[in-house]
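**Q** coords please:
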Amino acid sequence: MQFDTKIAVVIRTDLEVWQKLNVASFLAGGIAASFPECIGGNYEDGSGTRYLSLIGQPILIYGADGPALSRALERALARNVQPALYTEDMFKTTHDAANREVVKAVVRSELNLVGLAIRAERKVVDKILDGLKFHT
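**A** Here you go, the predicted model:
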């Protein structure tokens, strides 16, 4: 199935594996919270056991270094696409309010980005992420 939109997560490649997984999870949650229309229905197995809904379209995972993440952020904002973000300072906090505080304490040009997630029209996402490769 071809979707009109694309969901992409960009993760800084030099992180520890646990950090990459953590960042990807938080960022996917940001997409789900901001775009409830992308959530599919509940799942049910053949025994009648019900399971939670998932995002109903693929999420593409890209890798990038710090400068490429910053460039993707600026490209997104220039195209009026509001991304979810995760900064390195957020690894040092223990709750959502503290995460928002550490982001607010830094001007955009100095954010130490470790991840971004975006959902937009396919062609717009492709332009924002031009030059990035899938995470390996």
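**Q** how close does Glu74 sit to Arg108?
**A** Note on Glu74: its distance to Arg108, by Cβ to Cβ, to the nearest Å, is 8 Å. C-beta: built from backbone N, CA, C; applies to glycine.
**Q** Look up phi and psi at the most centrally placed residue in the chain.
**A** In the chain, the centroid-proximal residue (Cα atoms, centre = their mean) is Ala117; its distance is 2.2 Å. Main-chain dihedrals, Ala117, degrees, to the nearest 10: phi -130, psi 140.
**Q** Check which residues of the longest helix along the chain are buried.
**A** Counting residues, the longest helix found in the chain (DSSP state H) is helix 17-34. For helix 17-34, the buried set under the neighbour-count rule, 16 or more other Cβ atoms under 10 Å, comprises Gln19, Lys20, Asn22, Val23, Ala24, Phe26, Leu27, Ala28, Gly30, Ile31, Ala32.
**Q** wait, doesn't the residue nearest to the centre of the chain sit right on Gly29?
**A** No: Ala117 is not in contact with Gly29 according to Cβ atoms under 8 Å; the separation is 9.0 Å.
**Q** Tell me the helices and strands packed up against the helix or strand where Val124 lies.
**A** Assigned by DSSP states H and E, Val124 belongs to helix 122-128. Helix 122-128 sits against strand 5-12, helix 66-78, strand 113-121, with contacts defined as 3 or more Cβ pairs under 8 Å, 6 or more residues apart in numbering; DSSP states H and E.
**Q** give the contact list for the nearest residue to Arg122 once chain neighbours are set aside.
**A** Leaving aside its chain neighbours, Arg122 sits nearest to Lys6 (4.5 Å; criterion: Cβ to Cβ, 6 or more residues apart in numbering). Listed by Cβ atoms under 8 Å, 6 or more residues apart in numbering, the contact partners of Lys6 are Leu60, Arg119, Ala120, Glu121, Arg122, Val125, Asp126.
**Q** thinking the second one is in contact with Pro36, fair?
**A** No: using Cβ under 8 Å, Arg119 and Pro36 do not qualify as a contacting pair, with a distance of 11.5 Å.
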